[in-house]
Every structure is written in structure tokens, then in C-alpha cells.
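Undergrad: Return a 3D structure for these sequence lines:
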Amino acid sequence: MPHPSEPTPLAARRSASLTGTATVPGDKSVSHRALIFGALAVGETRITGLLEGEDVLATVGAMRAFGAEVTRTGANNDANDEGGAWSIHGVGVGGLAEPEGVIDCGNAGTAVRLIMGMMATTPISATFTGDASLRRRPMGRILDPLTLFGARSAGRAGGLLPLTLTGASSPVPVAYTLPVASAQVKSAVLLAGLNAPGETVVIEPAATRDHTERMLRGFGAEVTVEELPEKSGGGRAIRLTGQPELAPMHIAIPRDPSSAAFPVAAALIAEGSEIVVPEICLNPTRAGFYQTLIEMGADLAYENPREAGGEPVADLRARFSAMKGIEVPPERAASMIDEYPVLAVIAACAEGDTVMRGIGELRVKESDRIAATVAGLRANGIEVTEEPDGMIVHGRGPVDGRGGVPGGATVATHLDHRIAMAFLVLGLASRSPVTIDDAAPIATSFPSFIAMMQSLGAEIG
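TA: Numbers count the residues shown, from 1 in each chain. Predicted coordinates for the structure are as follows:
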């Protein structure tokens, strides 16, 4: 989705005692998948709590282009929930229509990669593009396994968008070992395997978010997950039996733990704060950020655990905490890859060094998130050591007579929603305001972020 041509700067000022309930949107990863699997089912799939940010709405448009009937049927009963209720009448596995126009995925890297997988084993062609940020992100790691099924692609050098993908006319099942743990690549291969005969196998070196496997089972596909022995390198083998008839279902989207990370971070670093984030997804493959915070000394408590949409959820209470830097285990990266920019902000307000390694994947997100985070922290008076696959944040502790983040700078967001939100959070606990150069990208994943933060007492404007 295009953003306004004129940037929208925004500043955050030191705030105290953030209080109240932080209602965050539906989980973005689950929202994308619910739409895609609904389009591949036979019959009507109903979704509640869908994230209605720009990224997910790009997937809505794409599913319509491939022949599914997708309709917004109304708002949810919860007046604080911006997500609507949606209905999808799917076309079945192998039933995709060839789009008449170009598929514009805006800023949505997850959408474009999963949709390519979805169509890679159907004999149709589609051309994909996106915004300036997405057009810089490499697609080669998705295209490589899809060509093994028989798909073909043509486009810019380096596998950059825009590109045209033609699905296999006689697809074959694939056994593919991920070079690097990636939920997007794993999911693209499994989606391609749906319309291939026989068994498709994906071997991942470390566990990544498993929403695809969970949802496939919910729609009736035969999926097994095997933990591999450490002596053979460890990891997991996911096996999918191809050409199922997916049955429609009702999906209640849990709330996004990656979006929840921002109000939680703000509460932890703004003195005197205590907030509750209801119904956040606690899928173990997404919980690394919160585990890391607890190890740093964060005062977090899970309340009222239950299940929503096949995912474990709970209410999370976060209180201001004096935290200390730690070394984050590199093997935890897959379970918290989107949260490292805001973790670096928390680390800046902690005592001592926080070491983050094994996160080279951040170099090819909506921006180079390592470089953007390092530059933003340094501009605001924080010493950071940048490494090829990580960074070390040298924390200054909370704002008091001895330390704290100086702030006072304007941060370049590089059209990246997570960089934008992370540095607004930093401004809430800095001596001087922190400004971001453009707030518009926030709408891709968290349209209500600014209003929600202001309702908690955050001075953003």
C-alpha cells in the first residue's frame, strides 16, 4: 500500500506512569495465513479479530485477485477491537484463477512470500510488486525452493520485485532443508506442497513460528512435525501430504505479541507504569522476547491463560522495572526476530551491556534493522557496537541523577514500521524528546498505535 508522499514526523516525550489497558491488534502472521488458507478451502471460512492494517489488507486484495470471494461482514463485539469480522469463500487447492492485474503487496514481505508459495504449483502466472521498501528486499530465498517444484520466475536481477512467477504445470513434491531458519520460507514451501502430489518435507535447523502447521491441521491437512536428534544436527522435519481438500473453519485471531512488545516496552522503561495487554498470543515459537525480558529483570505476569484460534493466549501485566543487560542466546532469534529493535531500546534503558547476535536476518527486513537501530540509538546518545550479525547495546540505565538516554535526535525510519514504533517508545523514557522522520509506515501493522499509546498517558504528538 502506498504511503503519503510527504513524510509525517512525530515526536515522543518523557512520560511517567503509563496506566490502563493496551488493546493491540490481531496477530499479523495469523491474519495473513487465515486469509490464504481460507482462500484455498472449499466453502466459507469466517474470521474474527483480523488485523486490518495495510499489510493484511494487501493479502485481502491478493486473495480476491486469485478468485476468492473476501468480504468484511462487520466489526467485532469488542468496541476496542479495531479488527473486523470477515468471510472468505475459497476456491479450493489447485483452483486459483490467474490474476488480471499486478499483485501489489505494499510493504508486506510475509504476504508476498506466502502468496508466491500458494500459487507456485498451480499452472498460472502472476506479477508481484510492492512499495519502495519491499522492492529492495530479496526474494531469492523463496524462489530457490519454489523452482524445485517446477515454478519459473522472471524479474529484476537478484530476485527483486517486481517479478513474474509462473506456477508448475506438473508439480513434484520436494524435500527441502532451510539454509537459515525462516518461518516465511518454510511456510512458502508448505503452501506450494499443498498442490503437489505425494509428501513435501521441510527441514528447519531451529524451530520457527509454527502458525502454518497449526492452521493447516485446523483446515484438515495431514501435517506431522518430528524433532530431529541433536547428533544429526537437530532441528525439525515438517511433513505435508499434498492435494488435500481443505475444509472451511471459524478462526478467532489472537492478539499480536510483536505489536504488544511496544506498549510492554514502554511500561517497563517509563517510571511508575503498570499496564495490562489482554489476549496476546503465547505461541512458544513467538515467546522469546518475553522470556528475554524476564531474564533482564522485567516485572511481567501472565494472567487468565486460555486458547483462541488454536493458539495459547493470556493477559499480560507489565510494570516499570529496573533491568540489567544480558547476552541473548542466538538460538532464540527465530522466536523473537521482529522484536530486536524494541529490545535494543529497552537495553538502552537497562544497566550494562545487552548482547544480541545471530540476527543477520534483520539486514533484509523492511529495512536493514540492525543498521537502522544502531544509527537511531547512537544519534540519541547510546553507545552501540555493531557487528555483521548483531549488536551490543551499552545501556545507560533509567533516567535519574546518574544515567538515562539523552535523546534529542530525529531518527530515520526507512519506511519501517517497527523502527518507527521502537524509537517513539525510546522517547517516552529519554531526557529530551525523540522524533521519527515518518510515522506513516506504522499503519502497515498497528493503525491504532498512536491513539492507544496516548490513551495510556504517553506524550506522543
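
Undergrad: for this protein, which spans come out with low pLDDT?
TA: Within the chain, the segments meeting pLDDT under 70 span 1-5, 75-83, 401-402.

Undergrad: So it: which segments form each domain?
TA: 10-25+254-460, 28-242 (automatic domain parsing).

Undergrad: To residue 248, which of those domains lies closest?
TA: Among these, domain 28-242 comes nearest to residue 248, with 3.9 Å by CB to CB. (C-beta placed from N, C-alpha, C; glycine too.)

Undergrad: Now find how far off-centre the closest one is within its chain.
TA: Counting by CA atoms, centre = their mean, to the nearest Å, domain 28-242 is centred 14 Å from the centre of its parent chain.

Undergrad: Equivalent analysis for stretch 374-394, please.
TA: So, by CA atoms, centre = their mean, the centroid of stretch 374-394 is 22 Å from its chain's centroid.

Undergrad: from here on, count from 38
TA: Got it, the first residue is 38 from now on, which makes the last one we talked about stretch 411-431.

Undergrad: what's in contact with that stretch?
TA: 362, 367, 381-382, 384-385, 389-397, 407-408, 410, 432-433, 442-449, 456, 459-460, 463, 467, 471 (CB atoms under 8 Å, 6 or more residues apart in numbering).

Undergrad: Could you pick out which of those are located in strands?
TA: 389-393, 432-433, 442-444, 447-448, 467, 471 (DSSP state E).

Undergrad: contacting residues around the nearest residue to residue 330 once chain neighbours are set aside?
TA: Nearest residue to residue 330 in three dimensions, chain neighbours excluded: residue 337, at 6.1 Å (CB to CB, 6 or more residues apart in numbering). Applying CB under 8 Å, 6+ apart, we find residue 337 in contact with 301, 327, 330, 331, 353, 354, 355, 356.

Undergrad: got it, and residue 76?
TA: So residue 76 contacts 100, 103, 104, 105, 107, 125, 127, 128, 133, 155 (CB under 8 Å, 6+ apart).

Undergrad: Drop anything exposed from the ones in strands among the contacts of stretch 411-431.
TA: Using 16 or more other CB atoms under 10 Å as the burial test, the ones in strands among the contacts of stretch 411-431 include 390-393, 432-433, 442-444, 447-448, 467, 471 as buried.

Undergrad: Out of those, which is nearest to residue 90?
TA: residue 448 (21.3 Å).

Undergrad: I'd say the closest one and residue 476 touch.
TA: No. In this structure residue 448 lies outside contact range of residue 476 using CB atoms under 8 Å: 11.2 Å.

Undergrad: Name the residues contacting each of those two.
TA: With CB under 8 Å, 6+ apart, residue 448 and residue 476 have no common neighbours.

Undergrad: returning to what we had before: between which two of the buried ones among the ones in strands among the contacts of stretch 411-431 is the distance greatest?
TA: Farthest apart among those - using CB to CB - are 392 and 447, which lie 27.6 Å from each other.

Undergrad: Tell me how many other residues crowd residue 56.
TA: 14 (other CB atoms under 10 Å).

Undergrad: how near is residue 381 to residue 204?
TA: 40 Å (CB to CB, to the nearest Å).

Undergrad: now swap in residue 382 and tell me
TA: According to CB to CB, residue 382 stands 42 Å off from residue 204.

Undergrad: Next: residue 354.
TA: For residue 354, the distance to residue 204 - CB to CB - is 48 Å.

Undergrad: The helix or strand that contains residue 423 pairs with which strands, parallel or anti?
TA: Residue 423 is part of strand 420-424, with elements assigned from DSSP states H and E. As defined by DSSP bridges, the strand partners of strand 420-424 come to strand 427-433 (antiparallel).

Undergrad: Just the buried positions in stretch 306-324, please.
TA: 306-307, 310, 312-320, 322-324.

Undergrad: Kindly report the same for stretch 207-219.
TA: Buried-residue list, stretch 207-219, by 16+ other CB under 10 Å: 208, 210, 211, 213, 215, 218, 219.

Undergrad: any idea how far the fifth one is from residue 484?
TA: Residue 215 sits 32 Å away from residue 484, taking CB to CB as the criterion.

Undergrad: check which helix or strand covers the residue nearest to residue 330.
TA: strand 336-345.

Undergrad: next structured bit after the helix or strand encompassing residue 305?
TA: Following DSSP H and E, one finds residue 305 within helix 294-306. Next in sequence after helix 294-306, counting helices and strands by DSSP H and E, comes strand 311-318.

Undergrad: I'd like to know which elements that following strand is packed against.
TA: Contacts defined by 3 or more CB pairs under 8 Å, 6 or more residues apart in numbering; DSSP states H and E place strand 311-318 against strand 56-58, helix 294-306, strand 336-345, strand 348-356.

Undergrad: Need the winner for burial among these.
TA: helix 294-306 (a mean of 28; mean count of other CB atoms under 10 Å).

Undergrad: got the CA positions of that one in CSV?
TA: In CSV, the C-alpha atoms belonging to helix 294-306 read as follows (Å, rounded to 0.1, in the frame of the first residue of the first chain):
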residue,chain,number,x,y,z
PRO,A,294,2.7,-10.5,20.6
SER,A,295,5.0,-8.5,18.3
SER,A,296,2.6,-5.5,18.5
ALA,A,297,2.2,-6.0,22.2
ALA,A,298,6.0,-5.6,22.6
PHE,A,299,5.8,-1.8,22.1
PRO,A,300,3.3,-0.9,24.9
VAL,A,301,5.0,-3.5,27.1
ALA,A,302,8.4,-2.0,26.5
ALA,A,303,7.0,1.5,27.2
ALA,A,304,5.6,0.3,30.6
LEU,A,305,8.9,-1.3,31.5
ILE,A,306,11.0,1.9,30.9
